[in-house]
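In: Need coordinates for the following:
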Amino acid sequence: MRSDNAKAGVERAPNRSLLYALGLTREEMDRPLIGIVNSYNEVVPGHMNLDKITEAVRAGVLMAGGTPLVFPAIAVCDGIAMGHVGMKYSLVTRELIADSTEAMAMAHQFDGLVMIPNCDKNVPGLLMAAGRINIPTIFCSGGPMMAGRMDDGSRTCLSHMFEAVGAYKAGTLDDAGLAEYEESACPTCGSCSGMYTANSMNCLTEALGMGLAGNGTLPGIYSARLRLAKKAGMQIMELVKKDIRPLDIMTEAAFHNAETVDMALGCSTNSMLHLPAIAHECGIALSLDTANEISAKTPNLCHLAPAGPVYMEDLHRAGGVHAVMKELTKKNLLDTSLMTCTGKTVEENLEGIRNLDPTVIRPVEDPFSPFGGIAVLKGTLAPLGCVVKQSAVDPAMMVHQGPARVFNNEEDAIEAIYDRKICSGDVIVIRYEGPKGGPGMREMLNPTSAIAGMGLDKEVALITDGRFSGATRGASIGHVCPEAAQGGPIALVCEGDIISIDIPACKIDLMVDDKTLEERRSRWICPEPALKTGYIARYAKLVTDASKGAVLE
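Out: I've put the predicted structure just below:
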């Protein structure tokens, strides 16, 4: 056993004395030691139930003959961090999570790992760690939140809550209406109820083969989630026995499967940051260019909030991620020969799976659209690419040309939106919010929700070198590369410049001649970053651009 490095032989008697100090018996020491990475905390609604998930995983490990040892991982709630300096500290935690998990796993020589994440950066951070450490590993997430209910019986969610603020500012919602959204949008524990980043990444964990069926969609409040956790605890012992490791599962073909499922589900644009970063830890270069190739042949089968009125609980009832994958196999869009954490292939896992609700998961022959939910755009404004969730864009905004309204930070843009200084046809540009420039690449849910809440989402586009929440909808284009702090063309945009957006053609261009741009570049000076000390300053020095997944080098 790998753990023998820390517990076997005369030389390890001091080590064993410390294991005895934990209350372990000799019998427990003789069994495989299973690290359980538990991201429980009392700050994040998606993580407040993970203590119960952890106990269920522990029970599963014990039932299967292992010795479970729990240690923590941090997690940030993006919703609570939104709209202030805290959002600069969201994406950067992904690397902290991966690094600290690596340190714990290597220092204590576990034989296997069960990872219990739930929210936005916690899931990719632990997947990155799994690829880096490469010992038998399985994921068991905390599950999604249930949709909220308004007084009139309609369902609601966090994206509606953010948009309600815009409606309030526009005078179309009163104090009582705003309070009703506050008290209704997030009714239970779990990751927020739409196809936002947390649920996107938990679903893609299934598609990668690292989580059991239901991991991404089974609601956090269901007792079946506890049963799933026990199964994960038992299954890690099988993975240890058979020595099936993350790099046996997370192959290049598995990442292409995940991108295909991403396109079918209509996942968050943040997946275009996280999948390349996870692949990087597995020694795989996952180019943004493959996203459009996969999107071109992958039909979009689901319109979950914010793209439509369907929620994670509906997707689970319809058969979940595996039902979506089953539909995709009808057109041979997945490699079903790949190994998964079940110890079986994708094909074996999909035996007997059915689409139980074609209104939630459209049949592959009758999709919402013949192309995937995400598009990567390139052009003179973004030579290295930028990303849009095209499944959540109104048809009227798929092709758009308008004057730039330029802001050097999120706060100034929000103020202009709320002050009604943005007009129909405008293209809002928010820059110096990228991985280096932010630093930290903030999510722009506040401005996009303000636009939607004020009824401008079918008339106004927003472009940024920052990123978007999965709750964002409309012509919201993020991850512009190179970012402004690197001297990318977005740094040279001036008020009133015409920007051309053609999502079907995957094009985005700044309609300014080269001579003018060179003159502007000769005068360009990069502004000082807002934060210059601590971890985030070190992060800014090491982070790559979004096209590479914003990994540290």
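In: the bottom helix or strand of this protein by mean pLDDT?
Out: When the helices and strands of the chain are scored by mean pLDDT, DSSP states H and E, helix 445-453 comes last with a mean of 89.
In: Can you list the helices and strands that the helix or strand following that helix packs against?
Out: Counting by DSSP states H and E, the element after helix 445-453 in chain order, helix or strand, is strand 461-464. Secondary-structure packing of strand 461-464 (3 or more C-beta pairs under 8 Å, 6 or more residues apart in numbering; DSSP states H and E): strand 427-430, helix 445-453, strand 476-481, strand 498-502. Placement of C-beta: from N, CA and C, glycine included.
In: May I have the strands that pair with strand 461-464, each with its orientation?
Out: Note on strand 461-464: by DSSP bridges, its sheet partners are strand 427-430 (parallel), strand 476-481 (parallel).
In: tell me how far the ends of stretch 3-16 are from each other?
Out: End-to-end distance for stretch 3-16: 11 Å, by C-alpha to C-alpha, to the nearest Å.
In: List the buried residues in that stretch.
Out: For stretch 3-16, burial by neighbour count (16 or more other C-beta atoms under 10 Å) applies to Ser3, Ala6, Lys7, Asn15, Arg16.
In: Show the pLDDT at the third one.
Out: Going back to what we said before, that points to Lys7. Listed pLDDT for Lys7 reads 97.
In: Show me which strand runs longest in the chain.
Out: strand 399-407 (DSSP state E).
In: ok, and what's touching that strand?
Out: 413, 416, 421-422, 425-431, 460-461, 475, 493-504, 511 (C-beta atoms under 8 Å, 6 or more residues apart in numbering).
In: Show me how to select, in PyMOL, the buried members of those residues.
Out: Provided next is the PyMOL selection string for whichever of those are buried by 16+ other C-beta under 10 Å:
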select buried, resi 413+416+422+426+427+428+429+430+431+460+461+475+493+497+499+500+501+503
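In: hmm, back to that, which stretch among the helices and strands packed on strand 461-464 comes nearest Gly46?
Out: helix 445-453 (15.9 Å; C-beta to C-beta).
In: for that closest one, packing partners?
Out: For helix 445-453, the packing partners by 3+ C-beta pairs under 8 Å, 6+ apart come out as helix 158-169, helix 410-418, strand 427-430, strand 461-464.
In: Most tightly packed of the ones you listed?
Out: strand 461-464 (a mean of 29; mean count of other C-beta atoms under 10 Å).
In: and the least confident helix or strand of the chain, how far from the chain's centre?
Out: Distance of helix 445-453 from the chain centroid (C-alpha atoms, centre = their mean, to the nearest Å) equals 19 Å.
In: what are the ranges of the helices in the stretch 451-553 of the chain?
Out: Chain-ordered helices for the stretch 451-553 of the chain, with DSSP state H, counting those that start in this stretch as the definition, fall at 514-523, 534-542.
In: Got the phi and psi for Val387?
Out: phi -130, psi 140 (degrees, to the nearest 10).
In: wait, it sits on Met272?
Out: Yes: Val387 sits in contact with Met272 when judged by C-beta atoms under 8 Å, with a separation of 4.8 Å.
In: what's the overlap in contacts for those two?
Out: Shared contacts of Val387 and Met272 (C-beta under 8 Å, 6+ apart): Leu288, Ala291, Ile374, Val376, His479, Ala546.
In: Format those residues as JSON lines; extra columns: pLDDT.
Out: Below are those laid out as JSON lines (pLDDT from 0 to 100):
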{"residue": "Leu288", "pLDDT": "89"}
{"residue": "Ala291", "pLDDT": "93"}
{"residue": "Ile374", "pLDDT": "95"}
{"residue": "Val376", "pLDDT": "97"}
{"residue": "His479", "pLDDT": "97"}
{"residue": "Ala546", "pLDDT": "96"}
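In: Confirm for me that Phe71 is in contact with Asn38.
Out: Yes: using C-beta under 8 Å, Phe71 is in contact with Asn38, at 7.1 Å.
In: quick one, which of the two is more surrounded?
Out: Asn38 (22 against 15; other C-beta atoms under 10 Å).
In: residue boundaries of the strands in this protein?
Out: Counting by DSSP E, the strands of the chain are 33-38, 67-72, 112-116, 137-139, 148-149, 155-156, 375-377, 385-388, 399-407, 427-430, 461-464, 476-481, 498-502, 507-510.
In: what's near enough to touch Lys230?
Out: Ala56, Val57, Ala59, Gly60, Met63.
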